[in-house]
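Asker: Predicted model and sequence follow; I will ask about them next.
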Amino acid sequence: MPREHRAHYPAHDHQGPAWLAELGLSAAYRATARRRLPPFLFHYLDGGAGDEHTLAANSADMASVTLAQRVLAGLAEVTTTTTLFAGADAQTLAMPLVLAPVGLGGMYARRGEIQAARAAHACGVPFCQSTVSLCSLEEVVAGLGMPPWFQLYMIRDRAFMADLLDRAWTAGCRTLVFTVDMPAPGVRHRDARAGMSGPAAPLRRILQAVAHPRWAMDVGLLGRPHRLGNLAAVLGQSSGMNDYMGWLAANFDSSIGWADLDWIRDRWRGTLVIKGILHPDDARAARQLGADGIVVSNHGGRQLDGAPSTISVLPAIADAVSGCMTVLLDSGVRSGTDVARAVASGADAVMIGRPWVYALAAGGERALVRLIKAFEHELRVTMTLAGTADIAALRAGGLHHG
């Protein structure tokens, strides 16, 4: 399979302590997002599956990872830049962070996926666009001026999947993130309570929008059309929220196995990343498939409540495929210090989902740039205090072994 790209994401200016005051932005933006968003949107983003034990464990277990503090390390310079993948697939990032695919991102700010893609590019990190985004892939490419990463699910309509793959390639996408942990949507009680689903959901959403006039004007009115751009061909040009929920329930395919993914690997000529790995044997299966990378992910605690936190299983998974493929992690990352914890535990980079959407809802593209730069500042300070000059050194010796 030909490898036709070598992506480079521009680094941003990180001189001086200008971002010192931005520590803790994830929590601040979450609070602002909660005030500004209709409840059905906030809780769809914020909630998890079942009683949300896995959702809570992602953050709690991440916070329990202790880093080695070293002194008098003689660091003349600390760099957060890193390279993902290998050979012709290599991509250089300003820091080991990727904006994860989040469905309905365009409902959290006006044409939100475009704003997020621009913020990510300005900060030198990739943006991964969800299949179920409001903006179409072509709209994001036009707004960004370059292709993002693209995320896809295994769905029943293989002809439509083939068409999406062809569209992504034609649009210039060369990194495909294939999500495998949604054979069926998880049981999400908050969605029903908040009005995303359940009885009288459309009416409840309208009433909530009226009660949040700032969002109603900026996104509800000026952010139209509210259709799923990548699915318009199958849902119709006038599709809306009810069509989205129905499509989710009807089109995920629980019958798929690893053999079905051979079809994806054969059709996709670029970099292939398998997202949703929680077991070393599944990581090995992804490697045998010919994937270039994996994402250690429990879908942010939104699928199987009771599944392990991602940081708790990361070391064993990283060991299972050490040196053979790129390993990313998502779920529970809320700061640059968490980025350092994940890298020191074996990840090559992390993906963040909820934090970037909170920032987008709180202040659009500008707020998201501030958040990413705050993550970078926190990571740089953490690396300095850990006595590690670069990402490779952090991965090799960043953990505290007490």
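Answerer: Great, that's in hand. Numbers count the residues shown, from 1 in each chain.
Asker: Going by C-alpha atoms from here, please, whenever you check contacts or count neighbours.
Answerer: OK.
Asker: Residue 115: what's it in contact with?
Answerer: 360, 364-365 (Cα atoms under 8 Å, 6 or more residues apart in numbering).
Asker: How about residue 98?
Answerer: Residue 98 neighbours (Cα under 8 Å, 6+ apart): 125-128, 349-352.
Asker: swap the cut-off to 7 Å and go again
Answerer: Listed by Cα atoms under 7 Å, 6 or more residues apart in numbering, the contact partners of residue 98 are 125-127, 350-352.
Asker: can you pick the most crowded of those residues?
Answerer: When neighbours are counted by other Cα atoms under 10 Å, residue 126 leads these with 29 neighbours.
Asker: What sits closest to residue 382 if chain neighbours are left out?
Answerer: Closest residue in space to residue 382, ignoring its immediate chain neighbours: residue 337 at 6.2 Å, by Cα to Cα, 6 or more residues apart in numbering.
Asker: quick one on the thing from earlier: take the contacts of residue 98 and write them to CSV, including secondary structure.
Answerer: Output for these, formatted as CSV (DSSP: H, G, I helix; E, B strand; the rest coil):
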residue, secondary structure
125, coil
126, coil
127, strand
350, strand
351, strand
352, strand
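Asker: Go through the residues you listed and name the one nearest residue 187.
Answerer: For the contacts of residue 98, the minimum distance to residue 187 (Cα to Cα) is 22.1 Å, reached by residue 352.
Asker: From residue 254, how far out is the closest residue to residue 102 other than its chain neighbours?
Answerer: Nearest non-adjacent residue to residue 102, counting by Cα to Cα, 6+ apart: residue 130, 5.7 Å away. Relative to residue 254, residue 130 is positioned 20 Å away (Cα to Cα, to the nearest Å).
Asker: show me what contacts the residue nearest to residue 375 when sequence neighbours are not counted?
Answerer: Spatial nearest neighbour of residue 375, excluding adjacent residues (Cα to Cα, 6+ apart): residue 336 at 4.1 Å. Going by Cα under 7 Å, 6+ apart, residue 336 touches 375-376, 378-379.
Asker: Now do the helices in the stretch 101-250 of the chain.
Answerer: For the stretch 101-250 of the chain, helices defined by DSSP state H, counting those that start in this stretch occupy the ranges 112-122, 137-144, 158-170, 189-194, 201-210, 213-215, 232-235, 241-251.
Asker: Please identify the buried residues of the longest one?
Answerer: Using 16 or more other Cα atoms under 10 Å as the burial criterion, the residues of helix 158-170 that qualify are 161, 164-165, 168-169.
Asker: now do the fourth one
Answerer: Residues of helix 189-194 classed as buried: 189-192, 194 (neighbour count, 16+ other Cα under 10 Å).
Asker: what's that helix packed up against?
Answerer: Using 3 or more Cα pairs under 7 Å, 6 or more residues apart in numbering; DSSP states H and E as the contact test, the elements touching helix 189-194 are helix 39-46.
Asker: Return the list of helices and strands in contact with the helix it packs on.
Answerer: Partner elements for helix 39-46 (3+ Cα pairs under 7 Å, 6+ apart): helix 189-194.
Asker: coming back round to it: residue 130 and residue 254 - which one has more neighbours?
Answerer: The residue with more neighbours, out of residue 130 and residue 254, is residue 130; 25 against 14, by other Cα under 10 Å.
Asker: Please report phi then psi for that one.
Answerer: phi -80, psi 150 (degrees, to the nearest 10).
Asker: follow-up on the earlier one: could you dump the buried residues of helix 158-170 into a markdown table and include pLDDT and distance to residue 259?
Answerer: Below are the buried residues of helix 158-170 laid out as a markdown table (pLDDT from 0 to 100; distance: Cα to Cα, whole Å):
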| residue | pLDDT | distance to residue 259 |
| --- | --- | --- |
| 161 | 89 | 16 |
| 164 | 93 | 20 |
| 165 | 96 | 18 |
| 168 | 97 | 23 |
| 169 | 97 | 23 |
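Asker: Export those residues as a markdown table, with columns for distance to residue 26.
Answerer: Formatted as a markdown table, the buried residues of helix 158-170 follow (distance: Cα to Cα, whole Å):
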| residue | distance to residue 26 |
| --- | --- |
| 161 | 35 |
| 164 | 33 |
| 165 | 33 |
| 168 | 31 |
| 169 | 33 |
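Asker: quick revisit: redo the helices of the stretch 101-250 of the chain as CSV? Include distance to residue 389.
Answerer: Formatted as CSV, the helices of the stretch 101-250 of the chain follow (distance: least, Cα to Cα, whole Å):
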stretch, distance to residue 389
helix 112-122, 24
helix 137-144, 32
helix 158-170, 37
helix 189-194, 43
helix 201-210, 48
helix 213-215, 43
helix 232-235, 48
helix 241-251, 45
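Asker: For this structure, which segments count as strands?
Answerer: For the chain, the strands defined by DSSP state E cover 7-8, 82-84, 91-93, 97-99, 128-129, 149-153, 175-179, 271-277, 293-296, 326-329, 349-352.
Asker: how about those strands in CSV, adding distance to residue 308 and mean pLDDT?
Answerer: Compiled in CSV, the strands of the chain are given as follows (distance: least, Cα to Cα, whole Å; pLDDT from 0 to 100):
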stretch, distance to residue 308, mean pLDDT
strand 7-8, 33, 57
strand 82-84, 26, 98
strand 91-93, 29, 97
strand 97-99, 22, 98
strand 128-129, 24, 98
strand 149-153, 22, 95
strand 175-179, 18, 97
strand 271-277, 11, 98
strand 293-296, 11, 98
strand 326-329, 13, 98
strand 349-352, 17, 98
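Asker: Make JSON lines out of the ones you listed and add distance to residue 262.
Answerer: Shown next, in JSON lines, are the strands of the chain (distance: least, Cα to Cα, whole Å):
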{"stretch": "strand 7-8", "distance to residue 262": "25"}
{"stretch": "strand 82-84", "distance to residue 262": "23"}
{"stretch": "strand 91-93", "distance to residue 262": "24"}
{"stretch": "strand 97-99", "distance to residue 262": "26"}
{"stretch": "strand 128-129", "distance to residue 262": "22"}
{"stretch": "strand 149-153", "distance to residue 262": "14"}
{"stretch": "strand 175-179", "distance to residue 262": "12"}
{"stretch": "strand 271-277", "distance to residue 262": "11"}
{"stretch": "strand 293-296", "distance to residue 262": "15"}
{"stretch": "strand 326-329", "distance to residue 262": "19"}
{"stretch": "strand 349-352", "distance to residue 262": "25"}
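Asker: I am finished for the moment; much appreciated.
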